[in-house]
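A.B. asks: Below are the sequence and a predicted model for it; my questions follow.
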Amino acid sequence: DAGVTQSPTHLIKTRGQHVTLRCSPISGHKSVSWYQQVLGQGPQFIFQYYEKEERGRGNFPDRFSARQFPNYSSELNVNALLLGDSALYLCASSLATGGRAYEQYFGPGTRLTVT
Amino acid sequence: AQSVTQLGSHVSVSEGALVLLRCNYSSSVPPYLFWYVQYPNQGLQLLLKYTSAATLVKGINGFEAEFKKSETSFHLTKPSAHMSDAAEYFCAAPRDAGNMLTFGGGTRLMVKP
């Protein structure tokens, strides 16, 4: 079975530009979460979606937005890129969100570099 | 809100030596705790999960962790390090409701031949 897939693998953008990152969850998983991992730090929670509805939001500015599609895939959008947005963006999927035991399965990430 | 602290951003051991990576949680006893491993240029892989069913949890690749409420700790151990264990290790706990996670800062494990 395919795991969580993310595209693109790497991306280089200029300050002020916009970027869209994509994630496809494991088949049967209805929840997708996004995390930002700055070099040398642990991942920071950005968003969680379940059944196309936002279920959680981390402490990130409004420049960050996301959505989930009927097939449960998801997009993370970042507007007006800053140098500090350079990071590995991880997508994780899980069966649901109702119980804390629902394990999250992570994709390989998208490495975003802002110059 | 729950927070997780990992003591030691870098740990170096010799091949065959004991591995001990430290994790402490901050607030009320979490119902779940996780250890993840991240190999270079890869995503996170679940090593093991504490679910309050047992305080000693066994995971993949010979790792285990013990939940100690009195010490608010969930340290990760492996009796004998292998070169392939070199990676970044993260401890994580549920943020609040649901299964969104808060992670520790990570510990980079280096294994010397």
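C.D. replies: Now that the structure is in, tell me what you want to look at.
A.B. asks: Reduced to three states, what does residue 84 come out as?
C.D. replies: Using chain A. helix (DSSP: H, G, I helix; E, B strand; the rest coil).
A.B. asks: you looked at the wrong chain, it should be chain B
C.D. replies: helix.
A.B. asks: Distance check, the most centrally placed residue in chain B against A:Glu54.
C.D. replies: The residue lying closest to the centre of chain B (C-alpha atoms, centre = their mean) is B:Trp35, at 3.7 Å. To A:Glu54, B:Trp35 is 28 Å away according to C-beta to C-beta, to the nearest Å. C-beta here means a position set from N, CA and C on the backbone, and glycine is covered the same way.
A.B. asks: before we move on, what about B:Ala81?
C.D. replies: 42 Å.
A.B. asks: For those two, indicate the residue with more neighbours.
C.D. replies: Per other C-beta atoms under 10 Å in any protein chain shown, whichever of B:Ala81 and A:Glu54 has more neighbours is B:Ala81, with 22 against 13.
A.B. asks: what sits against the nearest residue to B:Pro40 once chain neighbours are set aside?
C.D. replies: Nearest residue to B:Pro40, sequence neighbours excluded (C-beta to C-beta, 6 or more residues apart in numbering or on different chains): B:Ala87, at 7.5 Å. Counting by C-beta atoms under 8 Å, 6 or more residues apart in numbering or on different chains, B:Ala87 makes contact with B:37-40, B:108-109.
A.B. asks: what's the neighbour count on the residue of chain A found nearest chain B?
C.D. replies: Nearest residue of chain A to chain B (C-beta to the nearest C-beta) works out as A:Gly42 at 3.5 Å. Neighbours of A:Gly42 under the rule other C-beta under 10 Å: 23.
A.B. asks: And the spatially closest residue to B:Gly16 that is not a sequence neighbour, what's its pLDDT?
C.D. replies: Spatial nearest neighbour of B:Gly16, excluding adjacent residues (C-beta to C-beta, 6+ apart): B:Ser80 at 5.2 Å. You'll see B:Ser80 listed with a pLDDT of 97.
A.B. asks: Touching, B:Ser80 and B:Val13? I think so.
C.D. replies: No: the pair B:Ser80 and B:Val13 does not pass the contact test of C-beta atoms under 8 Å, sitting 9.7 Å apart.
A.B. asks: Following the helix or strand bottoming out on mean pLDDT in chain A in sequence, what is the next regular element?
C.D. replies: Least confident helix or strand of chain A, by mean pLDDT, DSSP states H and E, is strand A:53-57 with a mean of 91. Once strand A:53-57 ends, the next helix or strand along the chain (criterion: DSSP states H and E) is strand A:64-68.
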